[in-house]
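Novice: I would like the atomic coordinates for the input below:
(chains A and B)
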Amino acid sequence: MGITRDDLTYDLGRHVDDSVHLFEEWGLPIWKQPGDEDKPLMAGGQPVRSGKWQILINGESYKPIVAEAARRALGPECIDEHVVIVKLVNDRRDPNRIAGAIGFSLREHRIYVYRCTACLLVAGGCVGIFRPRSVGEGAGLTWYPAWNAGSTYAMAAEAGAELTMMESRFVPVRFKDGYGPVGAWFLFFKAKAVNADGEDYLARPEVQQLLEAYFPYNRAYVTPSCLRNHVFLNELREGRGPIYIDTVSALGQLAERMTPKEIKHLEAEAWEDFLDMCIGQAGVWAGENSEPEKRNSELMSTEPYLLGSHSGGCGLWVSGPTDVGAPTDEDHPEADRIPDHLPAGWNWGYRSMTTVAGLFTAADGVGASGHKFSSGSHAEGRIAVKAMIAFAIDHRDDPPQLDTPVDELVAEVYRPVRNFLEHRDYSTAIDVNPHYITPRMLQLRLQKIMDEYAAGVATGYRTNAKMMEMAEGKLAMLKEDALQLRAKDLHELLRAWENRHRILAAEAHLKHLQFREESRYPGFYYRTDFKTVDDAHWKCFVNSIYDRKTKTWTLFKRKYLDLIDKAVSYK
Amino acid sequence: MPSFVRIEKCDACKGLERIACEYICPHDLMKLDRDGGDTGHAMKAYNQEPEQCWECYACVKDCPKQAIEVRHYADVVPLGASVQPLRTSDAIMWTIKFRNGTMKRFKFPIRTTVAGALDPYAGKPGAELANIGKPGFFTTGVAGLRAAASDQLIRT
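Specialist: Alright, predicted model coming up:
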């Protein structure tokens, strides 16, 4: 909704094609237009498109292919597997520089302490801080990978890195219960979302009128995801649910001009969409005897997620390119509220470096620059690594020094294990003991707080200052109790640390929601005390830093500026 | 939709050091129960935390004995269906059984190169240290890459 770091987005745009070409060279099958089947993209082969920005692939082995290239480029001797990094360590001489990290093995009793001149932090987005719609086995059925625990945001925040747009969450509307992707259905198969009466509600004049409240964003050629959600939620509130995705009409219309063989192929394409990237949805279809050409599927909005690579823009504030006209100063009325030690403007030496020297990030870690997806995230990683090499060369005579004795770090990492060993003989039931809390219960408590007070599903994604004040109090106690997490084995130690990261990511989200006194992303969340998009006061970045010693946050604005003329994007 | 392991099929990867499902699970769920202390089935793998399973099927696809299947989330999906893949070097075959017995089979290509033989540096120009501070990768300038549309920038 109007706030992006154009420098980062533009820079990625001019780099990303190269990564896609590499994927094809490495073996990823890319769909081509008739006649171009054997012509690589590099030789001018024309891909099959889905919408304006996406091309179709057979993506089942995308991850093994890209991982194999990375493994062969690095050499297996440079890869530590099944080691979980839980904490970054700053430099003894400069609290604003990275010196290393600590983690533990999931397979043996071994701690890993790393010292590094430069570090790339890419641990994904944040899943599991809001109560999910299914709470039994189905709790694992999250839209984004369940193992994204907010570690990118939490570890960076603890190291002192500046965060940006942590209020920018994503609430996907997906195939109900299986969270199957809708992109190909809307853009490639041309399916429509319809209400209980079979009405294409998005096209209704009164719905378009409803969106006028969000002028000019409603006039974008591609309606923002949050505004589509806003209309979806409105239909449900008005009692016109369930909302369906009309797969029957879409496939029927496509099949009209097809031979039986082509229809068979179309059916395979429809299933492949799920089988390649969301197998669970195929399971829901099979379990419910649902064939897309015969029965429409329901759509539903999920619980909120934090991420920076899809339709969300939270993450770290990173240094951008210097040749695209980005500002190098902070020329706005509240500039004096930016802490002195932080850089002014959008670039400060090394591309993709956070405000902590030597700490770099990419993909979900880079804030205010969404819609990167797989290829963009890959390209962004390569951009960052190049700058890391430059940083390492410039600092080769200046080796890092850890600011904390290793013994202290080890004690902190193993603390949940010690909690368990010290107190396990107190009660007969291993999970019910007043001296510790299991990672699972801690996570459920976090989810309850966020869901009920911080604009989760329970309140229809609504919150206000008073509700967030409640969340703040409860979260503070949860954070204290996190010191009493228990781990009965290495697997549970992993869960304990994931949930410590989740709490900090959730706290960052809450602080940003509180600070931004408007509803910038209607459909993703609503502040009922500030209901509108208030461009006059809030068309700016909201950034923050965390002080791990005092456990307090400082929030401030940074100026927004267009580097690209957006007029062409609007009707 | 948690994964589960068929007792009669799992052979603990023949006791080798690398247990396929344990190795590949991105969420640390699959575990070999070496002494049977957890499940009563010594030297068989199991999913130690089903409610955290993301249905990614990495273990199902990698199991050399096809011993792992998926029973869809019991709190969401009606019983009786199954979605089972068989992955070869260049394709994946899916067998989908509906609750009502309807069967569907699909086959999709997965990669165009031989797994394990990638050479990411082959045929690429070497990195020029002089360009390290400039935009672009070391492959920039290679024919086939589009140049950026710098005329869209309004402040340069």
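
Novice: Could you give the number of residues near the residue nearest to residue A:255 when sequence neighbours are not counted?
Specialist: Counting by CB to CB, 6 or more residues apart in numbering or on different chains, the nearest residue to residue A:255 once its immediate chain neighbours are dropped is residue A:263, at 4.9 Å. Placement of C-beta: from N, CA and C, glycine included. Counted by other CB atoms under 10 Å in any protein chain shown, the residues lying close to residue A:263 total 15.

Novice: for residue B:12, same thing?
Specialist: Neighbourhood size, residue B:12 [other CB under 10 Å]: 17.

Novice: residues contacting it?
Specialist: Taking CB atoms under 8 Å, 6 or more residues apart in numbering or on different chains as the definition of contact, the neighbours of residue B:12 are B:19, B:32, B:43, B:44, B:45.

Novice: Helix, strand, or coil at the residue nearest to residue A:255?
Specialist: helix (DSSP: H, G, I helix; E, B strand; the rest coil).

Novice: so how far is residue B:92 from it?
Specialist: Using CB to CB, to the nearest Å, residue A:263 is found at 22 Å from residue B:92.

Novice: The closest residue to residue A:334 other than its chain neighbours: what secondary structure?
Specialist: Taking CB to CB, 6+ apart, and ignoring the residues beside it in sequence, residue A:334 has residue A:557 as its nearest neighbour in space, at 5.0 Å. Put simply, residue A:557 is strand when judged by three-state DSSP.

Novice: And residue A:557, what's its pLDDT?
Specialist: On the pLDDT scale, residue A:557 is placed at 98.

Novice: So it is in contact with residue A:336, correct?
Specialist: No: with contacts defined as CB atoms under 8 Å, residue A:557 does not count as touching residue A:336, sitting 10.9 Å away.

Novice: contacting residues for the residue nearest to residue A:385 when sequence neighbours are not counted?
Specialist: Spatial nearest neighbour of residue A:385, chain neighbours left out: residue A:120 (6.5 Å); criterion: CB to CB, 6+ apart. With contacts defined as CB under 8 Å, 6+ apart, residue A:120 is in contact with A:360, A:361, A:362, A:381, A:384, A:385, A:388.

Novice: And these, which of them are buried?
Specialist: A:360, A:361, A:362, A:381, A:384, A:388 (16 or more other CB atoms under 10 Å in any protein chain shown).

Novice: Which of these fall in strands?
Specialist: Restricting the buried ones among the contacts of residue A:120 to those inside strands, with DSSP state E as the criterion, leaves A:360, A:361.

Novice: Out of the buried ones among the contacts of residue A:120, the closest to chain B would be?
Specialist: residue A:388 (10.3 Å; CB to the nearest CB).

Novice: pretty sure the closest one contacts residue A:122?
Specialist: No: at 11.8 Å, residue A:388 and residue A:122 do not qualify as touching, with contact defined as CB under 8 Å.

Novice: Okay, the residue nearest to the spatial centre of chain B and residue A:55: tell me how far apart.
Specialist: With distances taken as CA atoms, centre = their mean, chain B has residue B:58 as the residue nearest its mean C-alpha position (3.7 Å). When distance is defined by CB to CB, residue B:58 is 25 Å away from residue A:55.

Novice: Rounded mean pLDDT for stretch A:531-545, please.
Specialist: Model confidence over stretch A:531-545 averages 97 on the pLDDT scale.

Novice: that older thread, closest one to residue A:316 out of the contacts of residue A:120, please.
Specialist: Within the set of those, residue A:361 lies nearest residue A:316; the separation is 5.1 Å, counting by CB to CB.

Novice: In the sheet, which residues pair with the closest one? Tell me.
Specialist: When bridges are assigned using DSSP bridges, the partners listed for residue A:361 are residue A:121.

Novice: Would you state the helices of chain B in chain order?
Specialist: Secondary structure of chain B, counting by DSSP state H: helices at B:20-24, B:58-62.

Novice: Please, which helix or strand holds residue A:271?
Specialist: Applying DSSP states H and E as the criterion places residue A:271 in helix A:260-277.

Novice: hmm, who's touching that helix?
Specialist: Identification of contacts with helix A:260-277 by CB under 8 Å, 6+ apart yields A:58-60, A:178, A:180-181, A:184-185, A:189, A:247, A:251, A:254-255, A:258, A:281-282, A:285, A:292-293, B:83, B:85, B:92, B:94, B:96, B:104, B:106, B:108.

Novice: If any of those residues are buried, put those into a PyMOL selection.
Specialist: Of the contacts of helix A:260-277, the buried ones go into a single PyMOL selection, burial set by 16+ other CB under 10 Å:
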select buried, (chain A and resi 58+59+60+178+180+181+184+185+189+247+251+254+281+282+285+292+293) or (chain B and resi 83+85+92+94+96+104+106+108)
